[in-house]
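> need coordinates for the following:
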Amino acid sequence: MNRSIALAVEPLTRDAFAPFGDVIEAASAARTYAINAGTTTRFHDLATVDTDREGGRPIVSLFRAQPRELPFTVTMLERHPLGSQAFVPVSKKPYLVVVAETPDAVPRLFLARNGQGVNYRAGTWHHPLLALGEVSDFLVIDRGGPGNNCDEATLAATYQIPGNLE
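Numbering: from 1, shown residues only. Predicted coordinates:
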């Protein structure tokens, strides 16, 4: 029989998310400096984009995600073994990030707030986009090119995202 496990919501922080990739936000910048005659601040080197495995190249896309209703049951994860995948929200709504070391491990659930993006390392198991509240757009930087770059796994257990995220 399939068991169901409740997931605890964690804030999305650089340290907590480090095993899975990068948090893309101003606070994660390797360096900060003024550009454009001092009218702009550059938050430099926010994520490691990895796309050149097996002849890949970086591509930029826009994903439009339908909002998910909570509570929500997580039954599968996916990964991209040939390159990283970065999601930068264009919309200002929070969204959820579910990641796991392997499909057999208990996933972790992060709440991403306005101004936070994520960059999944190549091979990181994660759930597809979990937009909240309304249709949300994400700028996505990932790998284009030859080869199978998406593996999916059905989980042995189901995991519940609670209806109340606070």
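> contacts only, for the residue nearest the centre of the chain.
Geometric centre of the chain, nearest residue: residue 118, 4.4 Å, by Cα atoms, centre = their mean. Neighbour list for residue 118: 12, 17, 20, 21, 22, 23, 24, 86, 87, 97, 112 [criterion: Cβ atoms under 8 Å, 6 or more residues apart in numbering]. For every residue, glycine as well, the C-beta is placed using N, CA and C.
> keeping just the C-alphas, turn the strand or helix carrying residue 23 into PDB.
Per DSSP states H and E: residue 23 is located in strand 21-24. Only the C-alpha atoms of strand 21-24 are listed here, as PDB (Å, rounded to 0.1, in the frame of the first residue of the first chain):
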ATOM      1  CA  GLY A  21      21.600  24.200  -6.700                       C
ATOM      2  CA  ASP A  22      21.500  28.000  -6.400                       C
ATOM      3  CA  VAL A  23      19.000  30.500  -5.100                       C
ATOM      4  CA  ILE A  24      18.800  33.400  -7.500                       C
END
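> how far does that strand sit from its chain's centre?
For strand 21-24, the separation from the chain centroid amounts to 8 Å (computed by Cα atoms, centre = their mean, to the nearest Å).
> can you list the low-confidence ranges for this protein?
Across the chain, the ranges flagged by pLDDT under 70 are 1-2.
> any idea which residue of it is furthest from its center?
Quick read of the chain (Cα atoms, centre = their mean): farthest out is residue 37, 33.6 Å.
> what about it, distance to residue 45?
With distances taken as Cβ to Cβ, to the nearest Å, residue 37 is found 22 Å from residue 45.
> so which residues of this structure form helices?
14-17 (DSSP state H).
> so what's the residue count around the nearest residue to residue 157 once chain neighbours are set aside?
Take residue 157 and drop its neighbours on the chain: the residue closest to it by Cβ to Cβ, 6 or more residues apart in numbering is residue 3, 4.9 Å away. Per other Cβ atoms under 10 Å, the neighbour tally for residue 3 reads 8.
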